[in-house]
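Peer 1: let's see this in three dimensions:
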Amino acid sequence: QPKQQLLYDEILSGEATVIGFYGGRGCGKSLCFDYIIVSMLMDALSKNQSINLCCVMANYDQILKYHIKELQRNFPELHDNIKMTSPAFLTIGKSTCVFDYGDSEEIIERRFRSGNYDFVFVDQAELFSEEEIKELRKTIRSTKGHKAKLILSFNMRGSGMKWLRKWFN
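Peer 2: The predicted structure is shown next:
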């Protein structure tokens, strides 16, 4: 889809290190993330490279429903590459995307503090506080020549909209 391609291009070659991607409820933002994540992992495989990605939501039930189950449904050939227990993983070649959750600043700090990701995708960012997102941003430490980026998808309502509007005007 055109908007997915624009987002993918911005992630790969844009200058922004924090990217906001928003839309109405049910407009396919999670699915867009899944397609971009699989594309990035497959691209790294084709180049014999590795990349470390992370996709975060507020709770694990959301991760299972909106990402893991959807990946299994849309990419049945990757079924053996998916580990479903928390934290979930999708591994293709030498590259991995960790699908994890954090519903408080303390949990995010504990689960992600030692993370080392090239790209972090935060799905439904409006459910997180600004401090939680800043904590997640600390896990972005690219060591493989990629420009490390934080990508946030969000609905236009929610407790975090005040700070999201401040970040993205």
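
Peer 1: low-confidence ranges, the protein, go.
Peer 2: Counting by pLDDT under 70, the ranges of the chain that qualify are 1-2, 26-27, 169.

Peer 1: centre of the chain to the helix of greatest length in the chain, how far?
Peer 2: Counting residues, the longest helix found in the chain (DSSP state H) is helix 29-46. How far helix 29-46 lies from its chain's middle: 10 Å, per CA atoms, centre = their mean, to the nearest Å.

Peer 1: now name the helix or strand holding the residue nearest in space to the middle of the chain.
Peer 2: With distances taken as CA atoms, centre = their mean, the residue of the chain nearest its centroid is residue 121 (1.9 Å). For residue 121, the element it lies in under DSSP states H and E is strand 119-122.

Peer 1: which other residues reach whichever helix or strand comes after that strand?
Peer 2: Downstream of strand 119-122, the next assigned helix or strand under DSSP H and E is helix 130-137. Helix 130-137 has contacts (CB atoms under 8 Å, 6 or more residues apart in numbering) with 18, 56, 102, 104-105, 108-109, 112-113, 120, 122, 125, 128, 150, 152, 160, 163. The C-beta positions use only the backbone N, C-alpha and C, and glycine is treated the same way.
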